[in-house]
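Student: Provide a 3D model corresponding to the input given below.
(chains A and B)
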Amino acid sequence: MKQFLSFVRKEFKHIFRDKRTMLILLGMPIVQIILFGFAITTEVQNVRVAIVDPSKDISTQHIIDKINASKYFEVKRVINATNQIEKVFRHGEVDLAIVFEERFNENLNHTGKARIRLIADATDPNTAITEVNYATSIVAAVQQEMIGTNAVPIQIIPEVKMLYNPQMESAYSFVPGVMGLILMLICAMMTSISIVREKETGTMEVLLVSPMKPIYIILSKAMPYFVLSCVNLINILLLSVFVLGVPIAGSLVWLVVVSFMFIMVCLSLGLLISTIAKTQVAAMLMSGMVLMMPALLLSGMIYPVENMPAILEWISNIVPARWFISSVRKLMIQGLDVSYVLKEIAILTGMAIFLIVVSLKKFKVRLQ
Amino acid sequence: MVTVNNLTKRYDNVEALRGINFSANDGEIFGIIGPDGAGKTSLFRILTTLILADGGTATVNGLDVVKDYREIRNTVGYMPGKFSLYQDLTVDENLNFFATVFNTTVEDNYELVKDIYQQIEPFKKRKAEALSGGMKQKLALSCALIHKPTVLFLDEPTTGVDPVSRKEFWEMLKNLKQQGISILVSTPYMDEASLCDRIALIQSGEIMNINTPSQIIADFPDKLYAVKAANNYHLLNELKQKADVKSCYMSGEYLHVTFKTENEPTIDNIKMHVIQPTIEDCFIRLMK
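Tutor: Numbers count the residues shown, from 1 in each chain, chains lettered A, B, ... in the order given. Next comes the predicted model:
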């Protein structure tokens, strides 16, 4: 135990004395979360709007005026036929189309219900959501106004349609993504590099020819990165809640449990890489290519998994980050009950057990 | 303390060890002398249980290097050739770390490393990366010794170290030997061979000779002459053409020459004198 503690202490010294590593380990998560976070919350302004108004009555005109008066929107086009909407979107002339149904005012007054359709260009899902939210709130304000002057209760029903990205990922999708990326980076990449560094400098030879059990050497190398991952996890969650205003909607306990599971997966991946790689560069490339790229591209962090070609979707099943990000989304953002993430937890647990067994099997008590 | 029987090791298509045999006794400094690539490091790694041999057996303190590797790791000290310590830790931290890894403390075995450690103690708050080559070597030796090993394996400990530090280093090894530690040391420097009790000359994975340095020199069969000319290179080519010249090679500013004839040979206009062969001369003769 004394050996183990002394080893862990030494490992922390390595980390704390290397300013660049420190920066990567503790600075990068904060920077990433803030960068991505503020990229999400950027104010949407001067949204170009196309109007399709077949009824041309007092109510539609009122709504159009309100939209145009808002500092966020600017009516650019008035289109006569709905079949032209696709065209103006394709030409990139507008960001949002507002389509009124026929006999809008009549419907409103007689049945108390009228439909309005909001079509947004969702190639940038975050902006699209903000645009639609603003527009619906304006429509809601108008509706409120009309209720005041009208005897019958009326309801304007907005229908939202997202063009090009119908699955419409959540606006906060980057927080889970960044969590996945950071934990992967610290646990897998840094652990593998730090073990391979000992091999490269020859200190591993001395450590192996010592009474310390090889498995303890490895565990004590992984320990500091486990601790740092937890620190980062706390950092990210605090930043998301207090700086970005992303609430933890679901159970914090289960969120932590899922994160621990994912950290275990990443640590064992790091150990696995360290048993294969001979140099630090090789370890870095391996973690970069095998871990980071899939975590970035196939995890659903940037592109929704559902929209991928079947083969990529199939491959994404073996990317641990996919399951982690999906469960964090459900637990943290959507605030779903743990019963909705049982599948993810089961898969991550399975992966952790499998990888730990494999990396222990592959671990050698000798140099070769 | 160390026995090696018919040990072989190959890497892909390179045969690093081709069946070597020797045994080193308790309490002696046993030198493995050979050029780079002779198989010294492979041998040391097999003996310190770091790699497995392809064939043959070896024991350290009577323990099998394959079967009893755990016990061996508890009792030996090892200083690998490229051992560079932890550069970002201070002298003190390095030593303390290795002491704990070996289940001991610096205080417990201070007597053993005192002579060596005292020399680097003034710099104990300095990081290892800021030490000179000789200092690093002393620190590395201290780290390898801190748990009082019964056998010490030193793989090229003096490579890249200045002559003064090298001399000091060998003095330390003598002191350690007096404290009952057996030492197996490898070196590419032939002049260090005479500082060992017994040496094995190794070349291309084969041991050419094992004996005491003085006996190896005494066994040199020919009379060795040193010659010198204004242009040694010309002379070398010239001598190589001569029928009665057995061997001829450069050694520092002289050419070392042996002849096939017993009678006093002469070379025109050149003064030559008989010299005492060195280990290097013996090595070169055996390489042929």
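Student: Could I get the contacting residues of the closest residue to chain A within the stretch 101-250 of chain B?
Tutor: Across the stretch 101-250 of chain B, the shortest distance to chain A (C-beta to the nearest C-beta) belongs to B:Val101, at 5.0 Å. C-beta: built from backbone N, CA, C; applies to glycine. Taking C-beta atoms under 8 Å, 6 or more residues apart in numbering or on different chains, we find B:Val101 in contact with A:Gln3, A:Ser6, A:Phe7, A:Leu207, A:Ser210, A:Pro211, A:Met212.
Student: Among the residues you listed, which ones lie close to chain B?
Tutor: Filtering these for neighbours of chain B using C-beta under 8 Å from any C-beta of the partner chain leaves A:Gln3, A:Ser6, A:Phe7, A:Leu207, A:Ser210, A:Pro211, A:Met212.
Student: Please point out which parts of stretch B:251-260 sit buried.
Tutor: Within stretch B:251-260, the residues that qualify as buried are B:Tyr254, B:Leu255, B:His256, B:Val257, B:Thr258, B:Phe259, counting by 16 or more other C-beta atoms under 10 Å in any protein chain shown.
Student: Same check on stretch A:324-339?
Tutor: A:Phe324, A:Ile325, A:Ser326, A:Ser327, A:Val328, A:Arg329, A:Lys330, A:Leu331, A:Met332, A:Ile333, A:Leu336, A:Val338.
Student: how long is that stretch end to end?
Tutor: Stretch A:324-339 has an end-to-end distance of 15 Å (criterion: C-alpha to C-alpha, to the nearest Å).
Student: Now tell me what touches it from outside.
Tutor: A:170, A:172-173, A:175-177, A:179-180, A:183, A:240, A:246, A:248-251, A:254-255, A:258-259, A:261-262, A:265, A:299-301, A:305, A:340-341, A:344-345, A:348.
Student: Got a quick PyMOL command for the buried subset of those residues?
Tutor: PyMOL command restricting these to the buried ones, with burial defined by 16+ other C-beta under 10 Å:
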select buried, chain A and resi 170+172+173+175+176+177+179+180+183+240+246+248+250+251+254+255+258+259+261+262+265+299+300+301+305+341+344+345+348
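Student: Next step: the contacts of stretch A:324-339 restricted to helices.
Tutor: A:175-177, A:179-180, A:183, A:240, A:254-255, A:258-259, A:261-262, A:265, A:344-345, A:348 (DSSP state H).
Student: Got the domain ranges for the chain?
Tutor: Picking chain A for this. As given by automatic domain parsing, the domain ranges for chain A are A:2-39+A:171-362, A:47-163.
Student: I was thinking of chain B, sorry if that wasn't clear
Tutor: B:2-211, B:220-287.
Student: Which positions in the stretch 51-200 of chain B make contact with chain A?
Tutor: So the stretch 51-200 of chain B meets chain A at B:51-52, B:69, B:73-74, B:76, B:78-89, B:93, B:96-98, B:100-103, B:143-144 (C-beta under 8 Å from any C-beta).
Student: which of those are buried?
Tutor: B:51, B:69, B:73-74, B:76, B:78-81, B:83, B:85-89, B:93, B:96-98, B:100-102, B:143-144.
Student: Flag every buried residue along stretch A:142-160.
Tutor: A:Val142, A:Gln143, A:Met146, A:Ile154, A:Ile156, A:Pro158, A:Val160.
Student: beta partners for the fifth one?
Tutor: A:Ile156 has these beta-bridge partners by DSSP bridges: A:Ala114.
Student: ok, it - contacts?
Tutor: Applying C-beta under 8 Å, 6+ apart, the residues near A:Ile156 are A:Leu108, A:Lys113, A:Ala114, A:Arg115, A:Ile116, A:Val139, A:Ala140, A:Val142, A:Gln143.
Student: I'd like the distance between the third one and chain B.
Tutor: What that stands for is A:Ala114. 71 Å (C-beta to the nearest C-beta, to the nearest Å).
Student: What is the burial count for that residue?
Tutor: A:Ala114 has 24 neighbours, counted by other C-beta atoms under 10 Å in any protein chain shown.
Student: and it, how far is that from A:Ile64?
Tutor: 14 Å (C-beta to C-beta, to the nearest Å).
Student: And the nearest residue to A:Leu298 once chain neighbours are set aside, how close does it get to A:Ile273?
Tutor: Residue nearest to A:Leu298 in three dimensions, not counting chain neighbours: A:Ser316, with 4.2 Å by C-beta to C-beta, 6 or more residues apart in numbering or on different chains. A:Ser316 sits 20 Å away from A:Ile273, going by C-beta to C-beta.
Student: what do you get for B:Asp281?
Tutor: Distance from B:Asp281 to A:Ile273, counting by C-beta to C-beta: 50 Å.
Student: Tell me where the stretch 1-150 of chain B has helices.
Tutor: With helices called from DSSP state H, counting those that start in this stretch, the stretch 1-150 of chain B shows them at B:40-47, B:69-75, B:91-101, B:110-120, B:133-145.
Student: want to try CSV for those, with distance to B:Asn211 as columns?
Tutor: Output for these, formatted as CSV (distance: least, C-beta to C-beta, whole Å):
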stretch, distance to B:Asn211
helix B:40-47, 18
helix B:69-75, 27
helix B:91-101, 35
helix B:110-120, 30
helix B:133-145, 27
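Student: Of those helices, which is nearest B:Thr212?
Tutor: B:Thr212 lies closest, by C-beta to C-beta, to one member of those: helix B:40-47, at 19.5 Å.
Student: any idea how far B:Ala144 is from the residue of the stretch 101-250 of chain B closest to chain A?
Tutor: Taking C-beta to C-beta, one finds B:Val101 at 12 Å from B:Ala144.
Student: do the same with A:Ala114
Tutor: A:Ala114 is 87 Å from B:Ala144, by C-beta to C-beta.
Student: likewise A:Thr130?
Tutor: With C-beta to C-beta as the criterion, A:Thr130 and B:Ala144 are 65 Å apart.
Student: quick one: contacts for the closest residue to B:Asn6 other than its chain neighbours?
Tutor: Closest residue to B:Asn6 apart from its sequence neighbours, by C-beta to C-beta, 6+ apart: B:Gly56 at 3.9 Å. Shown in contact with B:Gly56 (C-beta under 8 Å, 6+ apart): B:Val4, B:Asn5, B:Asn6, B:Leu7, B:Thr8, B:Gly19, B:Ile20.
Student: neighbour-wise, which of B:Asp281 and A:Ile273 wins?
Tutor: A:Ile273 (25 against 22).
Student: helices or strands up against the helix or strand containing the more buried one?
Tutor: Using DSSP states H and E, the element containing A:Ile273 is helix A:252-276. Contact here means 3 or more C-beta pairs under 8 Å, 6 or more residues apart in numbering or on different chains; DSSP states H and E; on that basis helix A:252-276 packs against helix A:174-184, helix A:191-201, helix A:214-242, helix A:280-286, helix A:320-328, helix A:342-362.
Student: give me the number of residues near residue 9?
Tutor: Assuming you mean chain A. The burial count for A:Arg9: 15, using other C-beta under 10 Å.
Student: not quite, I wanted chain B
Tutor: 23.
Student: For it, give me the pLDDT.
Tutor: pLDDT, B:Lys9: 93.
Student: B:Ser42 is in contact with that one, correct?
Tutor: Yes - using C-beta atoms under 8 Å, B:Lys9 makes contact with B:Ser42 at a distance of 5.1 Å.
Student: can you list residues touching both of these two?
Tutor: Common contacts of B:Lys9 and B:Ser42 (C-beta under 8 Å, 6+ apart): B:Ala16, B:Leu17, B:Ile51, B:Gly205.
Student: quick one, what contacts the last one?
Tutor: Shown in contact with B:Gly205 (C-beta under 8 Å, 6+ apart): B:Lys9, B:Glu15, B:Ala16, B:Leu17, B:Arg18, B:Ile20, B:Ala38, B:Gly39, B:Ser42.
Student: Can you lay out the residues you listed as JSON lines showing distance to chain A?
Tutor: Below are these laid out as JSON lines (distance: C-beta to the nearest C-beta, whole Å):
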{"residue": "B:Lys9", "distance to chain A": "10"}
{"residue": "B:Glu15", "distance to chain A": "16"}
{"residue": "B:Ala16", "distance to chain A": "12"}
{"residue": "B:Leu17", "distance to chain A": "14"}
{"residue": "B:Arg18", "distance to chain A": "19"}
{"residue": "B:Ile20", "distance to chain A": "19"}
{"residue": "B:Ala38", "distance to chain A": "19"}
{"residue": "B:Gly39", "distance to chain A": "16"}
{"residue": "B:Ser42", "distance to chain A": "11"}
